[in-house]
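> Here you go, sequence then predicted model.
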Amino acid sequence: EPDSTISWYFNDAPVNVTDTTKYTIVDLPLTSSSHGSVIRINNVGSCDAGTYTCNATNVISSDTSSGVLTVNVAPNISRPLEGEEFNITEGTEGSITCTATGYPVPTVVWQNIDGSSLRNSRLVSSDPVIVLSTGVGNVSSVSVELMLIGAVRGDSGMYTC
């Protein structure tokens, strides 16, 4: 059999195989007349999610095989900031929004500081607003608003999301 050349692609663009800090390409001898290739991705991050394609070519023909890499990303709360304070005037309405990013889409729940669920009818947690990623990587965001309707002094306290 003629010798083949193996090339790697990420989302249809050639992988920079000279970037040895990011990629390691390992040739695998399969038999005395054939070989394969493995791509190792170092320090995987959300930007590495996508389709990887291996292309084998020789003087007779070529063949490709593709696989999709999904990267899970731990949740990160971007809002509110730790210890941030909100002031609402008694008798008025106010709200605080909790926004988190991650993949898969994180679940966001507002609770009292002791971890118990909200039991006050004036405290309402909105339905989640989810923004799915359309760019590089899989990171999506979700926002849930905690609304206080007709605030009273007893509503003062610490809330967590």
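Alright, I've got the coordinates.
> counting contacts, what elements does the worst-scoring helix or strand of the chain on mean pLDDT pack onto?
One helix or strand of the chain scores below all others by mean pLDDT, DSSP states H and E: strand 123-125, with a mean of 76. With contacts taken as 3 or more Cβ pairs under 8 Å, 6 or more residues apart in numbering; DSSP states H and E, strand 123-125 sits against strand 140-148. For every residue, glycine as well, the C-beta is placed using N, CA and C.
> Mind listing residues that contact the following helix or strand past the strand it packs on?
Using DSSP states H and E, the next helix or strand after strand 140-148 towards the C-terminus is strand 159-160. Here strand 159-160 makes contact (Cβ atoms under 8 Å, 6 or more residues apart in numbering) with 96, 110-113, 115, 118, 146.
> can we see that at 7 Å?
Strand 159-160 has contacts (Cβ atoms under 7 Å, 6 or more residues apart in numbering) with 110-113, 146.
> pLDDT of that strand, averaged?
Across strand 159-160, the average pLDDT comes to 83.
> let's number from 37 now, not from 1
That works, and once the first residue is 37, the last one we named lands at strand 195-196.
> Low-confidence stretches in the chain?
Regions of the chain meeting the criterion pLDDT under 70 cover residues 37-38, 67-70, 117, 155-158, 169-173.
> Before I go, just wanted to say thanks for your time.
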